[in-house]
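In: sequence and predicted structure, then a few things I'm wondering about:
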Amino acid sequence: MITQLYLASKAAKPRLRVAILIDSVTVPRYVATILEDIARSNFAVVELAIVLRPGEASLARRLPGLAHELYVRVDHAIAGEGNPLSLAAQGGGLAGVHRLEVSSIGEHGQLVLPAETIAEIRRRELDVILHFSSAIPRGEVLRAARCGVWSYHYGADEHPRGGTPFFQQVKERSPTLDVVLEVLEDEPGAGLLLCRSIFGSQRGLFIASSRYVAIWETTHFIVWKLYELHERGWEYVQERALPRAKAAATTGQAHPPTVVDMARFLVPRVASAVENRLRGRHQLVGVWRIGLRRSTTPLASAPDGAALAGFRWFDGPPGHYWADPFLIERGGTTFLFFEDFDEARSFAVISWAEVLADGSLGPVESCLDTGSHLSFPFVFEHDGEVFMIPESVANTTVTLYRARRFPDEWVEEKVLFRGNGADTVLFREGGRFYFFTTLYERDAAGMKTMLFLADSLTGEWRLHPASPLSSDVRISRQAGAMFRQDGRLFRPTQNCGPYYGYGFNLQEVITLSEDRYEERPWRSVDPSRLLIPATGVHTYNRCGDLEVIDARYERRKSV
């Protein structure tokens, strides 16, 4: 879905000339997908495949990695057909592309090419060389293309290049996994960081599920940055480079873990899995409740110690849980809209209730049931009418509904966007309509904050040049409607780093215009801050002196 947004450049320029550096003409499936995306674009073409001649590793070098190799084989088998590292059909994406075989590999897995090979590469007048090889380019090859060698890398700066994707982070129990696209330099970590995505690190014995999300949800990196390069130029791409660690500890390739390393990795994970089963933790399920309070000092202004005091909690009836609460005031009455999940139907509808003067809720009624899952009912007024944009990603649409009879009768007004768009909020500023939504390609755990503009509520969306606003799982998903407090504009976002629904943040919006967007962290809330037992809190909204949040807690599964 995200890739589709970057396939057509409007710039009247020649196509970018691209080369790829690979270990073999039989490439992993994710590389084949990237090559297919480039071929579908109107602005780039792969001119050259630089292919390594495989060398033979000695048995002495292979022995320390045999335990790890067995682990990787099992992990790949668990991943099944969705494994991005499984090999594509031979020649996938490389039909008709000229191939140049090279074999000059230096120490520590470095690739250092002779002068005549560099000259042959330069004759192609390349704009970019894309690096997908296990060998690390060094020397003049890094300067053989106008915009350098772009390397797609798994792991943060402090992790060695190469090796099994994400094994190092998972072994070190890192809370997040990184995927970066960087411009390589001779000194490790010194090149431009073009873009980065940060994902939650799923706990467990194998890393197949984490690998699936992190790789498939970043295949758009290259076509996105090539799109910017073609339409806006190299200076623009350089200006949008991200800050990176001052010193990268990586000096070469990752080494295969030894048998001892693998034992230290596996034993505590196996023990943890056995303990969880013995204690029955696999029988627990997370459910949600809603908290309401009246407050003269809203969350954005309250001291940390008092920020989450005074909430009154409401649970759904047996077989239901309530989450994603939103508030709206009409005619002096405040109404609560929320996700009403029905365990018997295995999906949610949108329900509503009146907030009474004493802070309790009136009767709860369903108001929107499409037969598929709905949540996150963003409700708002416009030109005297009330509208709702619920999350309807189960139907792969972002749909606008209008209240034909508020609050209990809603009709579809328009499908605003088709695709995997979740948790959409609208903000109007300077006569423009800004739509913040979170998109993903294949898995919701890989969502990116995307910003679109329109000239009217039902107008055609156009991509904001600052999109994606975020590719960090800790701030990428909306957590409520945007609001102003004490002269500041805030965007609530979810923190799904440890797991989905863990916490939320208030991001202060510094700049919002037709061509620029900037925000900074203001406050973070996690379940430890609640005054009730909870494992998650992922929505915040307010209306007048009323504030509403939700909280996740665990209970035994129903038999």
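Out: Perfect, thanks for sending it. Numbers count the residues shown, from 1 in each chain.

In: buried stuff in the longest helix anywhere in the chain?
Out: Assignment by DSSP state H gives helix 259-278 as the longest helix of the chain. Using 16 or more other Cβ atoms under 10 Å as the test for burial, helix 259-278 gives 261, 262, 265, 269. Every C-beta, even on glycine, is put in place using the N, C-alpha and C of the backbone.

In: do stretch 44-56 as well
Out: 44, 46, 47, 48, 49, 50, 51, 52.

In: of those, closest to residue 504?
Out: Set against residue 504, the nearest of the buried residues of stretch 44-56 by Cβ to Cβ is residue 44 (38.6 Å).

In: surely that closest one and residue 37 touch.
Out: No - between residue 44 and residue 37 there is no contact under Cβ atoms under 8 Å: 9.3 Å.

In: okay, now residue 115: neighbour count?
Out: Neighbour count for residue 115, taken as other Cβ atoms under 10 Å: 9.

In: ok, it to residue 274 distance?
Out: 59 Å (Cβ to Cβ, to the nearest Å).

In: re earlier: dump the buried residues of helix 259-278 to JSON lines, plus pLDDT and distance to residue 545.
Out: Formatted as JSON lines, the buried residues of helix 259-278 follow (pLDDT from 0 to 100; distance: Cβ to Cβ, whole Å):
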{"residue": "261", "pLDDT": "82", "distance to residue 545": "57"}
{"residue": "262", "pLDDT": "85", "distance to residue 545": "57"}
{"residue": "265", "pLDDT": "83", "distance to residue 545": "52"}
{"residue": "269", "pLDDT": "81", "distance to residue 545": "48"}
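
In: reformat these as TSV; add distance to residue 86.
Out: As requested, the buried residues of helix 259-278 are exported to TSV (distance: Cβ to Cβ, whole Å):
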residue	distance to residue 86
261	25
262	22
265	23
269	24
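
In: and which of those residues is nearest to residue 87?
Out: Once Cβ to Cβ is applied, the member of the buried residues of helix 259-278 that ends up nearest residue 87 is residue 262, at 24.3 Å.

In: give me phi/psi at the closest residue to that closest one other than its chain neighbours?
Out: Spatial nearest neighbour of residue 262, chain neighbours left out: residue 67 (4.3 Å); criterion: Cβ to Cβ, 6 or more residues apart in numbering. Main-chain dihedrals, residue 67, degrees, to the nearest 10: phi -60, psi -40.

In: now do residue 44
Out: phi -150, psi 150.

In: how about residue 140?
Out: Note on residue 140: backbone dihedrals following degrees, to the nearest 10 are phi -70, psi -20.

In: can you get me a residue count around it?
Out: Per other Cβ under 10 Å, the neighbour tally for residue 140 reads 17.

In: quick one: pLDDT of it?
Out: We have a pLDDT of 93 for residue 140.

In: contact partners for it?
Out: Contacts for residue 140 (Cβ atoms under 8 Å, 6 or more residues apart in numbering) come out as 113, 115, 118.

In: same check, this time on residue 289
Out: Residue 289 sits next to 313, 314, 315, 316, 321, 322, 550, 551, 553 when contact means Cβ under 8 Å, 6+ apart.

In: which ones among those map onto helices?
Out: The members of the contacts of residue 289 all map outside helices under DSSP H.

In: which one among those gets closest to residue 237?
Out: In terms of Cβ to Cβ, no member of the contacts of residue 289 lies closer to residue 237 than residue 550, at 40.0 Å.

In: ok, the closest one touching residue 322?
Out: Yes - under the criterion of Cβ under 8 Å, residue 550 makes contact with residue 322 at 7.3 Å.

In: what do these two both touch?
Out: Counting by Cβ under 8 Å, 6+ apart, the common neighbours of residue 550 and residue 322 are 288, 289, 290, 338.

In: among these, name the ones in strands.
Out: Counting by DSSP state E, the shared contacts of residue 550 and residue 322 place 288, 289, 290, 338 in strands.

In: how about these, which pair is most distant?
Out: By the measure Cβ to Cβ, 289 and 338 form the most distant pair in those, at 10.4 Å.

In: what touches both of these two?
Out: 322, 550.

In: can you pull the poorly scored residue ranges out of the protein?
Out: For the chain, the stretches with pLDDT under 70 are 54-64, 90-92, 104-109, 161-162, 245-254, 280-283, 304-307, 556-559.

In: tell me where it has helices.
Out: 29-40, 59-62, 66-79, 115-122, 167-171, 208-216, 220-232, 234-239, 259-278.

In: can you list those helices in JSON lines and add distance to residue 141?
Out: JSON lines is the format used below for the helices of the chain (distance: least, Cβ to Cβ, whole Å):
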{"stretch": "helix 29-40", "distance to residue 141": "19"}
{"stretch": "helix 59-62", "distance to residue 141": "25"}
{"stretch": "helix 66-79", "distance to residue 141": "29"}
{"stretch": "helix 115-122", "distance to residue 141": "6"}
{"stretch": "helix 167-171", "distance to residue 141": "26"}
{"stretch": "helix 208-216", "distance to residue 141": "25"}
{"stretch": "helix 220-232", "distance to residue 141": "18"}
{"stretch": "helix 234-239", "distance to residue 141": "19"}
{"stretch": "helix 259-278", "distance to residue 141": "32"}
